[in-house]
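Sequence and predicted structure, then a few things I'm wondering about:
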Amino acid sequence: MSKVCYSKPALTLQEQVEQLRNRGMVIADEPLAIHYLGHLNYYRLAAYWLPFEADHQNHTFIAGTTFEQILDRYVFDRELRLLLIDAIERVEVALRTQFAYQLSHVYGAHFLLQSGLFQAQGRNWSYLASLNQLVSDVANSRERFISHLNNKYSEPLPPVWAVVEIMTLGQLSKWYANLTGGADRNRVAHHFDFDEVTLVSFMHHLAVVRNYCAHHSRVWNRDFTFTFKLPKHRPGTVIASLNRSAPKKLYNTLVLLACLLDQISPGHHWKQRLKHLFNDHSIPEQEMGFPANWQQLPIWQ
């Protein structure tokens, strides 16, 4: 198929409203629509009205589709991303802590410098390149505790319990995944009642999800291209609550996050907040991989 030049002109906000109307969208409150089109971008909202299109080629809408329905989807997705960021923050901090704690008690404060503990090369991984990146990150860090340790001690890196505080989740995921010993990975994973195969995979997946959230990208009905290996043996509440028929959807991610939060933050209200979010918005839960009876499953009790 040969390419052609893009010739469509930029539309004013009023023209955008008229175009949506001409395609069948009901816009009862025109000032509201103009306000949000002026702040959320027509093409950003287009991702949320896509399921409402009767004919995607001509961009016509199912009869009765309203602008308020589209806005409801958008607001739901935004609040869902905030819930995800809240959970991922707590999980990331706990993973950093256990990575440093478990392995430093076996190999010492500077085990990151022990090349024999890590794969030399791997998929998207080089020990030397990753070590050099950490050394560079430490040298450029403006954190006072890093500067203090770096200036006082002679090792190329400060103790691991300080270094993990400036690691990204993606970096932490790779350092953990490329430990040569499965027993060492399990020292961390078993603290959370996970097997290391599951935790390695989930940490990588979680870094991807976090990046979507950090860049304000849609998550509510996304098919995630990098999925994680679903656990087969533990934890029991997770095994009984997964939806194995929808591995690319967000639901299983939320199950594992809920399980980790139960351990990290006893008494948390995150699961209740998630349920309230669904109650406050008209969202087809199955589009996110939720089973019909999800609120009755063990992890959500």
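Ah, there it is. Numbering: from 1, shown residues only.

Which parts of the protein are helices?
13-22, 30-40, 42-49, 67-107, 127-140, 144-152, 160-163, 169-177, 182-189, 196-214, 236-239, 251-264, 270-280 (DSSP state H).

need these in CSV with distance to residue 223, mean pLDDT and mean neighbour count, can you?
No exception for glycine: its C-beta is placed from N, CA and C like everyone else's. Below are the helices of the chain laid out as CSV (distance: least, CB to CB, whole Å; pLDDT from 0 to 100; neighbours: other CB atoms under 10 Å):
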stretch, distance to residue 223, mean pLDDT, mean neighbour count
helix 13-22, 26, 97, 15
helix 30-40, 23, 97, 15
helix 42-49, 13, 95, 16
helix 67-107, 15, 98, 18
helix 127-140, 30, 94, 14
helix 144-152, 39, 83, 13
helix 160-163, 35, 94, 20
helix 169-177, 21, 97, 21
helix 182-189, 27, 98, 19
helix 196-214, 12, 96, 20
helix 236-239, 21, 96, 17
helix 251-264, 12, 98, 22
helix 270-280, 20, 97, 14
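
could these go into JSON lines alongside distance to residue 229?
Output for the helices of the chain, formatted as JSON lines (distance: least, CB to CB, whole Å):
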{"stretch": "helix 13-22", "distance to residue 229": "42"}
{"stretch": "helix 30-40", "distance to residue 229": "36"}
{"stretch": "helix 42-49", "distance to residue 229": "28"}
{"stretch": "helix 67-107", "distance to residue 229": "17"}
{"stretch": "helix 127-140", "distance to residue 229": "23"}
{"stretch": "helix 144-152", "distance to residue 229": "34"}
{"stretch": "helix 160-163", "distance to residue 229": "27"}
{"stretch": "helix 169-177", "distance to residue 229": "12"}
{"stretch": "helix 182-189", "distance to residue 229": "12"}
{"stretch": "helix 196-214", "distance to residue 229": "4"}
{"stretch": "helix 236-239", "distance to residue 229": "12"}
{"stretch": "helix 251-264", "distance to residue 229": "11"}
{"stretch": "helix 270-280", "distance to residue 229": "23"}
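
Of those, which is nearest residue 113?
Closest of the helices of the chain to residue 113 is helix 127-140, at 7.4 Å (criterion: CB to CB).

Quick check: the gap between the residue nearest in space to the middle of the chain and residue 268.
Of all residues in the chain, the one closest to the mean position by CA atoms, centre = their mean is residue 209, 2.1 Å from it. Distance, residue 209 to residue 268, using CB to CB, to the nearest Å: 19 Å.

Residue 295 now?
17 Å.

what do you get for residue 232?
Going from residue 232 to residue 268 by CB to CB gives 26 Å.

quick one: contacts for the residue nearest to the centre of the chain?
Listed by CB atoms under 8 Å, 6 or more residues apart in numbering, the contact partners of residue 209 are 84, 88, 219, 224, 250, 253.

ok, for the last one, nearest residue in space, not its chain neighbours?
Pointing back at residue 253 there. Closest residue to residue 253 apart from its sequence neighbours, by CB to CB, 6 or more residues apart in numbering: residue 209 at 6.0 Å.
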